[in-house]
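> Pasting a predicted model and its sequence here:
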Amino acid sequence: MEKVTLTELIITCEACGSVTKYSIKDQADADRLFKEFQCENGCGRNLYSFITLGTIRRKEKATTPAK
């Protein structure tokens with residue numbers, strides 16, 4: 001099973017081109033930051049886009065020794 005660990009939230013204002021990056025711990029962090037985000041230029045919320053970045057950790061499969 002793969003586990004995704006979120007690490008960064010990037011919010012871009014499509015109106016003025018402002019880009020803001022945040023370090024995050026989980027999806028709740030990302031949701032809260034995006035909900036509270038205000039563009040420094042006062043642009044409308046309908047013009048924000050975002051992406052969350054993270055790492056994928058794959059669980060190693062147990063290997064059986066050759067007979």
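Everything's here; your move. Predicted, not measured: the structure shown is a model, and the values here were computed from it.
> residue nearest the centroid of this protein?
The chain has Thr52 as the residue nearest its centroid, 1.8 Å off, counting by CA atoms, centre = their mean.
> beta partners of Tyr22?
Taking DSSP bridges as the rule, Tyr22 bridges to Leu9.
> That one reaches Leu9, doesn't it?
Yes: under the contact definition of CB atoms under 8 Å, Tyr22 touches Leu9, with a separation of 4.6 Å. All C-beta atoms are positioned from the backbone trio N, CA, C, and that covers glycine.
> which secondary structure elements does the one helix or strand Ser49 maps to contact?
Per DSSP states H and E, Ser49 falls inside strand 48-58. Under the contact criterion of 3 or more CB pairs under 8 Å, 6 or more residues apart in numbering; DSSP states H and E, strand 48-58 touches strand 2-13, helix 27-36.
> Out of those, flag the one nearest Lys61.
For those, proximity to Lys61 was assessed by CB to CB; strand 2-13 is nearest, at 11.9 Å.
> Any idea what the residue nearest to the centre of the chain is bridged to?
Per DSSP bridges, the residues bridged to Thr52 are Leu9.
> Got the confidence number for the closest residue to Cys39 other than its chain neighbours?
Sequence neighbours aside, Cys13 is the residue nearest to Cys39 in space, at 4.4 Å (criterion: CB to CB, 6 or more residues apart in numbering). pLDDT recorded at Cys13 is 97.
> can you tell me how far Cys13 sits from Lys3?
Noted for Cys13: a distance of 32 Å to Lys3, by CB to CB, to the nearest Å.
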